[in-house]
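Colleague: I would like the atomic coordinates for the input below:
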Amino acid sequence: MVTKYDVDNIAKLARLDFPDSEKEKLTEKFNDILKMMDKLNELDTTNIEPLTHILPLQNVFREDVTKESEPREDILKNAPSATEEFFKVPKVIG
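Modeller: Numbering: from 1, shown residues only. Sure thing, here's the model as predicted:
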């Protein structure tokens, strides 16, 4: 059972500050959540396999296929500034 002291402690850990009226409401809500968890714990789950997702998922990535790149000259034509082999960029480290 969650007490007002527990709510104070949780709020302190989360660096939150609540007025006393809020703390009472939070105490009730936390206890309601724990009651629901107790209700769920009553269920027989011996033959139920654990799930990582609700829906069955499969890999949606495409096959990794290598292919030829565009010719370097064509790529460097699009650069504002380039040497014969590389893009030229402004110096950023002093």
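Colleague: how close does the residue of the chain most remote from its centre get to Arg72?
Modeller: When each C-alpha in the chain is compared with the mean C-alpha position (CA atoms, centre = their mean), Glu84 comes out farthest, at 43.8 Å. Distance of Glu84 to Arg72, computed by CB to CB, to the nearest Å: 9 Å. The C-beta positions use only the backbone N, C-alpha and C, and glycine is treated the same way.
Colleague: for Gln58, same thing?
Modeller: Relative to Arg72, and taking CB to CB, Gln58 is found at 38 Å.
Colleague: cool, and Leu55?
Modeller: Leu55 is 45 Å from Arg72, by CB to CB.
Colleague: next secondary structure after the longest helix seen in the chain?
Modeller: Secondary structure of the chain per DSSP state H: the longest helix is helix 20-41. Downstream of helix 20-41, the next assigned helix or strand under DSSP states H and E is helix 72-77.
Colleague: list the buried residues in that following helix.
Modeller: Under the neighbour-count criterion of 16 or more other CB atoms under 10 Å, helix 72-77 has Leu76 buried.
Colleague: low pLDDT regions in this protein?
Modeller: Nowhere does the chain drop to pLDDT under 70.
Colleague: one more pass at 80, please.
Modeller: 57-60, 94 (pLDDT under 80).
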